[in-house]
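Participant: next come a sequence and a model predicted from it.
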Amino acid sequence: MDLQLQGKTVMVAAASKGIGYAIALQCAREGANVSIASRDPAAITAAAEQIAEQTGARVQGYCFDAKSADSIDAWVQATLTDFGPVYGLVVNAGGPPPGQFQQFSDADWQAAFELTLMSAVRLIRGVLPSMQSLGSGSVVAVTSSSVKEPIDILLLSNVMRSGVTSLLKSLSQQYAADNIRFNNLMPGLINTDRLKGLNVKRAQVLNISADAVKKQQEAELPMRRYGETQEFANAAAFLLSPAASYITGVTLAIDGGKMKTVW
């Protein structure tokens with residue numbers, strides 16, 4: 001299938017590794033111009049070089065802090081200057097730290113709010129005028145399966161990512177007439193460094209090995225395995241693309257059938 005991303009500019013946040021990197025790589029394979037960003041300047045530069053080398057696409061890496069309004073604005077403005085109008089945006093950020101309710105201070109809640117929810121607000125607000133000028137656009141937010149089935153040790157993420165999901169659903173109604181689409185993707189157990197780190201935390205609580213945690217989780221999955229970042233990226237690239245032109249307001253689980261909810 002031709003996703004019709006050729007020559008379109010797509011911004012992907014938190015793209016130096018993991019899910020963000022895989023999405024950026026897939027968009028580049030489809031011929032998109034790709035603007036990627038993360039906190040680590042060396043890592044994002046290396047990621048951009050790797051994607052460009054593998055695909056021949058035009059790729060540029062930028063350093064940004066998802067918690068900083070000024071940093072987000074600088075990335076958006078640099079992308080507009082270097083690439084022109086933005087067609088696609090992937091809202092993505094590293095997750096807030098795990099823990100239980102009594103562990104978190106007001107500062108912890110505020111930091112999670114800035115990292116997860118306000119980064120989405122600011123990124124979308126930054127690119128909307130560009131999408132309106134094009135007469136089309138697509139925003140995909142990477143949230144979590146926790147927005148439908150809360151995860152015990154991820155309270156901050158449960159709350160803030162639910163806010164992102166609600167934000168995109170609301171915007172899908174408001175901007176549908178402008179031909180700008182908003183969709184959410186919920187990763188289940190995808191084989192990333194983030195998941196490996198969480199498994200170490202779970203292993204400590206359960207007094208077992210991280211490998212044992214992984215085996216327990218895989219045994220509970222209908223597909224009996226973790227998902228791979230490429231599998232997630234395939235779905236993201238489709239929802240970003242004009243090939244999904246009549247899909248908006250959707251929250252799609254990429255979880256190997258783990259969730260038991262109907263809606």
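Facilitator: Right, received. Where do you want to start?
Participant: packing partners for the lowest-mean-pLDDT helix or strand in the chain?
Facilitator: Every helix and strand of the chain was ranked by mean pLDDT, DSSP states H and E. The lowest is helix 193-206, at a mean of 80. The contact analysis (3 or more C-beta pairs under 8 Å, 6 or more residues apart in numbering; DSSP states H and E) places helix 193-206 against helix 210-220. Glycine gets a C-beta too; all of them are placed from N, C-alpha and C.
Participant: could I get the buried residue list for the helix it packs on?
Facilitator: Buried positions in helix 210-220, judged by neighbour count with 16 or more other C-beta atoms under 10 Å: 210, 213-214, 217.
Participant: of these, which pair is most distant in space?
Facilitator: The most widely separated members of those, counting by C-beta to C-beta, are A210 and Q217 (10.6 Å).
Participant: identify the contacts common to those two.
Facilitator: N199 (C-beta atoms under 8 Å, 6 or more residues apart in numbering).
Participant: where does pLDDT dip in the protein?
Facilitator: In the predicted model of the chain, residues 262-263 satisfy pLDDT under 70.
Participant: what about the helices in it?
Facilitator: Assigned by DSSP state H, the chain shows helices spanning 18-29, 41-55, 69-83, 106-112, 119-134, 155-174, 193-206, 210-220, 229-240.
Participant: out of those, which gets nearest to M11?
Facilitator: helix 69-83 (5.7 Å).
Participant: how far off centre is that closest one?
Facilitator: 18 Å (C-alpha atoms, centre = their mean, to the nearest Å).
Participant: would you mind getting the angle between that helix and helix 119-134?
Facilitator: On the basis of axes from the mean of the first three to the mean of the last three C-alpha atoms, to 10 degrees, helix 69-83 is oriented at 30 degrees to helix 119-134.
Participant: elements contacting helix 69-83?
Facilitator: Against helix 69-83 (3+ C-beta pairs under 8 Å, 6+ apart) you get strand 9-13, strand 33-38, strand 59-63, helix 119-134.
Participant: adding mean neighbour count and distance to A69, write the ones you listed out as a markdown table.
Facilitator: Output for the helices and strands packed on helix 69-83, formatted as a markdown table (neighbours: other C-beta atoms under 10 Å; distance: least, C-beta to C-beta, whole Å):
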| stretch | mean neighbour count | distance to A69 |
| --- | --- | --- |
| strand 9-13 | 29 | 14 |
| strand 33-38 | 29 | 14 |
| strand 59-63 | 21 | 15 |
| helix 119-134 | 20 | 5 |
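Participant: distance to G249 added to those, as JSON lines?
Facilitator: What follows is the helices and strands packed on helix 69-83, written out as JSON lines (distance: least, C-beta to C-beta, whole Å):
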{"stretch": "strand 9-13", "distance to G249": "20"}
{"stretch": "strand 33-38", "distance to G249": "25"}
{"stretch": "strand 59-63", "distance to G249": "29"}
{"stretch": "helix 119-134", "distance to G249": "14"}
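Participant: re earlier: quickly compare the helices of the chain and say which is most buried.
Facilitator: Mean neighbour counts were compared across the helices of the chain using mean count of other C-beta atoms under 10 Å; the top stretch is helix 18-29, at a mean of 26.
Participant: quick revisit: among the helices and strands packed on helix 69-83, which comes closest to A52?
Facilitator: Among the helices and strands packed on helix 69-83, the nearest to A52 by C-beta to C-beta is strand 59-63 (4.4 Å).
Participant: and G227, what are its bridge partners?
Facilitator: Per DSSP bridges, the residues bridged to G227 are I190.
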